[in-house]
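Enquirer: Sequence plus the predicted model coming up.
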Amino acid sequence: MNVIDRTHLAGLLDRERRTFRERNPRSAAAYEQARAHLFGGVPMTWMNKTAAGFPLYLAEARGARVTDVDGHEYVDLCLGDTGAMAGHSPQATVDAVAERFARLGGATVMMPTEDATWVGAELGRRFGLPYWSFSLTATDANRWAIRLARAITGRPKILVNSYCYHGSVDEVLLVVGPDGEQVSREGNVGAPVDPTVTSRVVEFNDLPSLERELAYGDIAAVLMEPALTNIGIVLPEPGYLDGVRELTRRHGTLLINDETHTFSAGPGGCTGAWGLEPDIVTIGKAVGGGIPSGGYGLSAEVAARIEGMSGLDLIDMGGVGGTLAGNALSVAAMRATLEHVLTDDAFAGMTELATRFTKGVQAVIDSRALPWSVTQLGARAEYRFTNPAPRDGGESNAAGDPDLDDYLHVYLANRGVLLTPFHNMALMCPATSAADVDRHHEVFAAAVSDLVG
Ligand SMILES: Cc1ncc(COP(=O)(O)O)c(C=O)c1O
């Protein structure tokens, strides 16, 4: 097994960061200027998640390519951390947005459009849930789904998996600690109450712990990704998801599948690909082809239970809703993206490329006997610095190696390939080509070669 020499790694990282600074003077200058006016120097604080010390500034993006303000073109395997899984500015979505906003006019009019019905029907076909409601982000979809679940079950708590991410939702920011205790996630900003008051947490792939926690009888819903995607990719073991469904049904707890990232598994995400039967599905990011969009789908039974309750204010200030949610522009973008871009055929091609990516990365890992693994979920794949691949979030978190992450990210960026900043994740869009994937392999192999000789 090949062990990384940490001093050598530190030297390489230093070298790559110097190269990055020299290659990107306009991005460096733009960042300096922004510091006077933007909190943290960036439009959103997470944009400071950058392996190189400052972010690249965007000039143009189309399909699977991005150009920065210094004129470098990149193969974009990040794709907006799934927000651009349809590719950047896909033509059909651009046309629909122009038609709605420019020619017909109107984005926020407080009137429904017929596009929304089409989108609800299509999401129903893909995810198997008949009734849909829209948001502008996956975070909001999750927040509202949680509220509805609490309302109809009359139970106070939500259960999540350790090291999950479902957006900046108060109820999900907790983990299983080193001694098995349930604790607030490190760095949790201004939590209204300790999350253990509102939530329970267990490891993914751990049915006995799930059963133990459900037995308290206070859990309104399990909110989960069918495969974890925010701490590397952690796939469900055989029988795990069936077990989750069986246990949640037995304990009267609703099951919410968050398909925001696992949408990569196919046209209907993991729910469609694996025949899952959640009570609620939430989604966001890619579904609008880059235009802010999201939503939640309800089973007929859940919809009937909500409708059967008196005293729920779903119209005004009851805590479910957003003024701009379901707006005409957002649903026009979703319709075009689902109808013409993220089609069943497109997913087949994207998945094939992700398989090519996975095999190529595995070949490099094998050739150097590195203790790393690579995991694929449909159109996405991610490498992790441990082997075998982790079976839960805690294990995957323990295998984190920030220096190695940074080294590979900067090395690849300096040679025209972008990975997702928060992950070693590569995502394929309909415009990604085999040559793009092969370019990653060429650079990845060189980075590994510099690292281990
Ligand atoms: C599974 C999952 N759900 C929800 C979200 C929140 O998405 P957004 O920040 O677009 O609201 C994310 C973001 O990464 C996610 O990975």
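Expert: Ah, there it is.
Enquirer: For the stretch 251-400 of the chain, what lies in contact range of the ligand?
Expert: Proximity of the stretch 251-400 of the chain to the ligand, by C-beta under 6 Å from any ligand atom, involves residues 258, 260-261, 284-285. The C-beta positions use only the backbone N, C-alpha and C, and glycine is treated the same way.
Enquirer: same thing with the stretch 51-200 of the chain?
Expert: So the stretch 51-200 of the chain meets the ligand at 81, 137-139, 142, 165-167 (C-beta under 6 Å from any ligand atom).
Enquirer: In TSV, list those along with secondary structure, distance to Thr45 and pLDDT.
Expert: Listed next are these as TSV, based on DSSP: H, G, I helix; E, B strand; the rest coil; distance: C-beta to C-beta, whole Å; pLDDT from 0 to 100:
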residue	secondary structure	distance to Thr45	pLDDT
Asp81	helix	15	97
Thr137	coil	16	98
Ala138	helix	18	98
Thr139	helix	15	98
Asn142	helix	20	98
Tyr165	coil	16	98
His166	coil	19	98
Gly167	coil	15	98
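Enquirer: can you tell me which of the residues you listed lies nearest to Gly239?
Expert: His166 (23.9 Å; C-beta to C-beta).
Enquirer: out of the residues of the stretch 51-200 of the chain next to the ligand, what pair is the most spread apart?
Expert: Pairwise distances across these (C-beta to C-beta) peak at 16.1 Å, for the pair Asp81 and Asn142.
Enquirer: Give me the more crowded residue out of those two.
Expert: Using other C-beta atoms under 10 Å, the more surrounded residue of Asp81 and Asn142 is Asn142, with 28 against 20.
Enquirer: Hmm, that one is touching Ala221, no?
Expert: No - counting by C-beta atoms under 8 Å, Asn142 sits too far from Ala221 to count as a contact (10.1 Å).
Enquirer: Could you tell me which residues touch both of the two?
Expert: Taking C-beta atoms under 8 Å, 6 or more residues apart in numbering as the criterion, Asn142 and Ala221 both touch Ile256.
Enquirer: Can you show me the strands along the stretch 301-450 of the chain?
Expert: For the stretch 301-450 of the chain, the strands defined by DSSP state E, counting those that start in this stretch occupy 373-377, 380-384, 417-418, 425-427.
Enquirer: and the third one, how far from the chain's centre?
Expert: In terms of C-alpha atoms, centre = their mean, to the nearest Å, the centre of strand 417-418 is set 18 Å apart from its chain centre.
Enquirer: on that earlier part again, just the buried ones out of the residues of the stretch 51-200 of the chain next to the ligand, please.
Expert: 81, 137-139, 142, 165-167 (16 or more other C-beta atoms under 10 Å).
Enquirer: CSV please, covering those and showing distance to Trp46.
Expert: Shown next, in CSV, are those (distance: C-beta to C-beta, whole Å):
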residue, distance to Trp46
Asp81, 9
Thr137, 13
Ala138, 15
Thr139, 13
Asn142, 17
Tyr165, 12
His166, 15
Gly167, 12
